[in-house]
Structure formats: C-alpha cells, structure tokens
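S.K.: Need coordinates for the following:
(chains A and B)
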Amino acid sequence: MLLFEDYRKRLTESLKSIYPDIKDNDVAPDKTGHADLALRAFSLLRKGDVKIEDVASRITVALSGEDYIDSITTSGGYVNFILNTGKLMEAISSEIYGTDRYPDVFQDPERVSVEHTSTNPTGPIHIGRIRNSIIGDSIFRILSRYGYRVTTQYFVNDSGRQVVSLYVGYRKFGQNDSLTTENLLKAYQRMHREVEADPSLEKEVDEAIRQYEAGKPEVMDDIRKICSVILGSINETLERLGIRIDDYTWESDLIRNGDVDKILESLEDELEDEGGAKYVSSGGRKMFLTRNDGTSLYFSRDIAYHQYKMDNFDWIIDILGENHKEHAGHIRYVIKDLLHRDGRLDFVFYSYVSLESGKMTTRGGNIVTADELLDRAIEESLKIVRTKRPELPESDLMRIALAVATSAVRFHIVKLNSNKQMVFKWAEALSLEGDSAPFIMYSYARAASILRKAGSTEIKTEGNFSHLESPLVKKMYEYAYVLHDAAFGLKPEAIANYLLELTRTFNDFYTNCPVLNADINDRSRRLAIVKNFKNIVKDAAYLVGINVLEEM
RNA sequence: GGGCCCGUGGCCUAGUAUGGAUAAGGCACCGUCCUUCUAAGUCGGUGAUCGUGGGUUCGAAUCCCACCGGGCCCGCCA
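M.R.: Predicted structure coming up:
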C-alpha cells in the first residue's frame, strides 16, 4: 500500500463524522477549478431541508483546527475546499527527503504473476503484439512500485499446431538454410502457402504433434532448437525496449511432466467424450481439452499453466489480445468453478493494432516489426538531436536518440486506453512533440538543468506559495492517487496521461516563475518545487517506460 | 443469428468503473515569444448538437433501452 498524508481521506472522514449520510464519492477533486476538493451536498440538502450556507458554517466550525484547509466556501450545492499548498508540499517533501520517493510504500508480501507477450515463437514480434509487452511491462512496473513482489511470465507455445507446422515447414523447405529467425519465418510462410495449396500436408503436422507429445527425442530437440532461436530474437527486441521476462514456461514441459494429465484427472467427473476427444461444457458450450488422438489442446495446457500459477502466486494477471476474451472466460470457469481455486485472477485485454492497409498476420507477411519501428524511431530522433545539439559528441547523440526513440515508442502505445483499436500510422508513431515521451523528457531535462546550475544553494521546502507555484505542487500531490488508481485498475494509461498533465503544469511554472534569478527566499522554495517535480517525473516516467535524461 | 469492445472539433486522444459546476489535451492551420533557468518549449486564435433516438435523474460524455457504424469472438487452431 501507499504511504502518504492522505488529506482527501482525512477530509472525507471528518465530513462523515459531521454528516453520517455523506458517502466517499461525495467528496471529490474538482475538475473545473473552483476547489481542490468539493463536497457535493445535493442529497444532504434535499434530505435535511437545510441551506448550503448552514452546512458550510457547521463544517467550518468543526474543521476550524485543521491547518491543511485554507478556505471553505459554497457555490450552488457544493462546499468548496481549498487546501493549503504548504501542507501538501510538506507531505511530498517529507517522503522524498526521507525515502527518496513520494509516495513511499509499505512492502506487501503478496506475490503477483504478470504474464505478457507469450506470442507464438513463429516469427519476429510485430507492432500489434508489442502492445501486449508494453502494457504488461508497465503493469509489472506499477505493481512493483506499489509494493508487490511481481514476476513476469512468458508462456511458450511450443506444442501447438502453428509451431509444429513451422517445424515441418523448416524440415521440408528450409533444411539447408542456417537456423535464423529470418529463414524460419520464410519456411513458416512457405509452409502456410503449401498447406493452402495441398491440405493433405496437415497430416504430416498431425503426425509430428503426436511424436512431439510422445517425446520423440529428435523431434523434441529440433523444436526446442527452433523455438529457442526465435525466442532469442524476440527477447532481443524486448530488451531494446527495456522489457525483461523473468520466467519462461514451455507448454511441452507441462505435457511431459504430467501436469496436463493431472488436470484431466482432476476434471474426470466433468469430462465428456465425443469420438475420443474430451471436453467440459458450460451453458451448452463445449470446451475441448484433447483431440480424438489423445494429444492435448492449448486449452488444457493453459489450464495446467494457471493451476501452476495458482500454486505459486497470490494474484495472477494475464495480458491478452481481445480475441482471447472467450478463452479467458473458459479458463476462469474451469479454474474457479471446476477446480475451485479461489486465488485472484485478472485479465487485461487489448485491441489489435492494424495497419492502414489492413490487419497484420505473421503468416501472411504483411507486418511492421517492432524492430523496424524502433530503427526508424532511432533514425528520426538522431536527426533531431543532431540539429538541436550539434556540439555534442557522436556517442552522446546516439545515447540521447536511443532513449528518446524507445521512450517515444513505448509511450505512444501505452498512453492509449488498451481496449481502443489502434490504426498504426508512421507519422503519429514517430512524432516527438505534443503528447509524447520527449515532451515529458524535455521538461525533466529543464528541471535537471536548473538544479545543476543552482549548485549547493539551500533548498527550502516551506514558505508562502504563490499562485504560480501552487498548481504545480497540487498536481504533484495528486500523484499518489493516480498511482493507486493505475495499480488498482491495471491502467498504465492513467500514469501516462497524468505525466502529460504534470509536465504541462511544470511548463507553465517554468515560463512564469524564474527560479535561479529569483530573490533568495523565492529561489530556495522554488528549487524545492523543482527538485520534487524532477523526482516524481522520474518515478512515474519509469512506470510507463520512459527513460528520462539529465540532458537532451 | 448470439456474445464482448470501440464511436468525443478535419485527424488522434483524456474524461466513462463510482453521474455533478464553463467537455480537457495533442496533430494540422493562422498569429505570438529566444539579451531570463534547454524554443523537442510558451501564449493566443479557428474548430465539438460527446454516433443517433428515447428513458432515468435536481443534474448524463458517464447509467438504462433501441438503433447505426467499426473491430473481435462463437474450431478436436492458438
């Protein structure tokens, strides 16, 4: 949980002790600028047959000892509260000076599994799939920040029809080529075309699946080798984006170690048979667990995987494409209702990314890979940083361009609500101004520059905050609430959008409030604001995959 | 046919879970500001019946119903 002086809660509790009918939702921040927090007294007024002025004066008397409130006024059916900037600043500073982060957390021992990416090892990761990794990694970072012990998980589908058909394709058409992701992709796409021309080839795939599940050594070795090559290059792409996977679980291992069989045994009473194929059903829907030749299906392997996760984690989170919604529902049904596991299980869905020319398919070959996007983003950033900072040595230019590019790519994808469809456009993806990562990074660099130039001047965290400083302090204070909502709602985009607001507020401060040239009192107080701002931006930026730079 | 998601200025989005005050940004376009801490920035302007129609409510972008448009799913694929 987050540790900070929660004035919203404090005010709400106080108001509830005066008027027990007040609900938590009746006290909320105001978006229109009338107040920092407002009590919506509409129901109170109707029920109690009192005037808003009476409500306000009763509250004013009761809260007269509370120094975190500057003013209490009324407007329509609202009681408006202006909070004391100094107290908010103190709440931020005491944590930053104590633990170097606002808000601090109390370490919660719960273990969380975040499964993301888990893309079939049949080719390079494309920009549709990378949305999964980017959302997943941000959720990993946010929950870790929140205090959970989080592990990232990748479920390697090395037993499915698609991977096995890649294997068969490689044996038939790619044997003489070196074992690289490019050659494997070519073999996979060729296999796809050949099967379309001659569906009888499917029989070879069936046979290979049987051999694989039976544990035939050379098949196993070959498939492991092929998958490892592709996984290796997927991993390189993820690394470029700063994304790390902790655990890889191979589907074939769950088959060979007997976990899948155990699932079938546990479900024995529920299993039904159709020509040798086993299934469970719910509401007239059949969910098949095995084929009629006894080989397993993705569904049963995924149940085994979730059973494993239930054994090892307190909270399971899967990041899945929207086409897996029904599958996820079935997993939940079997895990919860049939296997009676009561652990916390959440799914985060995202809609697919399409190109202006239509949807992407690895087999069809019409994809933009994440590597291509990164390469072009780096090229673009390099061009810009070269014109802005011609005096810098090449190594610095490259370092800045890399940070800008990876941050921009991640931010462009993570800032969008995950269930919104996304049509990929180069111009938007490569845009480095406006609502983008560089916009945030730039403000951070400005703050860093001020602090650098300030040298060892005293920093003073209290004082009288002017109307130019207050909005920034208040916006910084909000961070704790945003972090809570993002973690609790599994919504990294909330952090992304908050960062944009925070940065805009800082830019306003920056243009209107001289820091280094201000008189000594203003200067030391403003330096404290800048220091806190820099600290919070760095903290929040990391959560959405932005690598801030001290200079750019 | 059934189920789920999306629809907010010309374009891209925030706000929707938990209804609340003049709907908040970006891109593009027009104009402004570098002898003040980094102009990847700032300020101002043009531009929105929040898909449509009903309903609930003191109050609806937000909740309910219907419809329209787009996406996804309804395999012994994954």
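
S.K.: Is stretch A:148-167 in proximity to RNA strand B?
M.R.: Yes. If you take C-beta under 7 Å from any atom of the strand as the test, stretch A:148-167 does meet RNA strand B, through A:157, A:159, A:160, A:161, A:162. Glycine gets a C-beta too; all of them are placed from N, C-alpha and C.

S.K.: could I get those residues as a markdown table with secondary structure?
M.R.: Converted to a markdown table, those look like this (DSSP: H, G, I helix; E, B strand; the rest coil):
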| residue | secondary structure |
| --- | --- |
| A:157 | coil |
| A:159 | coil |
| A:160 | coil |
| A:161 | helix |
| A:162 | helix |
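
S.K.: any idea which of the residues you listed has the most stuff around it?
M.R.: Of all those, the highest neighbour tally under other C-beta atoms under 10 Å goes to residue A:159, namely 26 neighbours.

S.K.: Distance of the residue of the stretch 1-150 of chain A found nearest RNA strand B relative to residue A:25?
M.R.: Scanning the stretch 1-150 of chain A for the residue nearest RNA strand B gives residue A:38, at 3.1 Å (criterion: C-beta to the nearest atom of the strand). Residue A:38 sits 12 Å away from residue A:25, going by C-beta to C-beta, to the nearest Å.

S.K.: and what of residue A:292?
M.R.: When residue A:292 is compared with residue A:25 (using C-beta to C-beta), they lie 55 Å apart.

S.K.: how about the residue in the stretch 401-550 of chain A that RNA strand B sits nearest to, secondary structure?
M.R.: Among the residues of the stretch 401-550 of chain A, residue A:434 lies closest to RNA strand B, at 2.4 Å counting by C-beta to the nearest atom of the strand. Of the three states, residue A:434 takes coil according to three-state DSSP.

S.K.: State the phi and psi torsions of it.
M.R.: Main-chain torsions, residue A:434, degrees, to the nearest 10: phi 70, psi -140.

S.K.: what do you get for the one 5 residues further on?
M.R.: Reported as degrees, to the nearest 10, the phi and psi values for residue A:439 are phi -60, psi -40.

S.K.: Can you report how many residues neighbour the closest residue to residue A:415 other than its chain neighbours?
M.R.: Sequence neighbours aside, residue A:496 is the residue nearest to residue A:415 in space, at 3.8 Å (criterion: C-beta to C-beta, 6 or more residues apart in numbering). Other residues within reach of residue A:496, judged by other C-beta under 10 Å, total 27.

S.K.: So residue A:496 sits against residue A:417, correct?
M.R.: No. Residue A:496 is not in contact with residue A:417 according to C-beta atoms under 8 Å; the separation is 10.0 Å.

S.K.: how near is the residue of the stretch 401-550 of chain A closest to RNA strand B to residue A:211?
M.R.: 55 Å.

S.K.: out of these two, which sits in the busier spot?
M.R.: Neighbour totals were compared for residue A:434 and residue A:211, and residue A:211 leads with 16 against 9 (other C-beta under 10 Å).

S.K.: Just confirm that one is within a strand.
M.R.: No. Residue A:211: not assigned to a strand; according to three-state DSSP it is helix.

S.K.: Need the pLDDT of residue A:421.
M.R.: The predicted local distance difference test score for residue A:421 is 94.

S.K.: Could you tell me how many residues sit around it?
M.R.: For residue A:421, the tally of surrounding residues (other C-beta under 10 Å) stands at 11.

S.K.: go on, the one 3 residues further on?
M.R.: The criterion is other C-beta under 10 Å. On that basis, residue A:424 has 20 neighbouring residues.

S.K.: Now do the contacts for the closest residue to residue A:186 other than its chain neighbours.
M.R.: Once flanking residues are discounted, residue A:186 sits nearest to residue A:174: 6.8 Å by C-beta to C-beta, 6+ apart. Each residue near residue A:174 by C-beta atoms under 8 Å, 6 or more residues apart in numbering is listed here: A:183, A:184, A:186, A:187, A:190.

S.K.: Just give me the neighbour total for residue A:293.
M.R.: Burial of residue A:293, expressed as a neighbour count using other C-beta under 10 Å, amounts to 12.

S.K.: re the thing from before, is it possible to export the residues of stretch A:148-167 next to RNA strand B to CSV including distance to residue A:201 and pLDDT?
M.R.: Formatted as CSV, the residues of stretch A:148-167 next to RNA strand B follow (distance: C-beta to C-beta, whole Å; pLDDT from 0 to 100):
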residue, distance to residue A:201, pLDDT
A:157, 21, 93
A:159, 19, 87
A:160, 17, 84
A:161, 12, 88
A:162, 14, 89
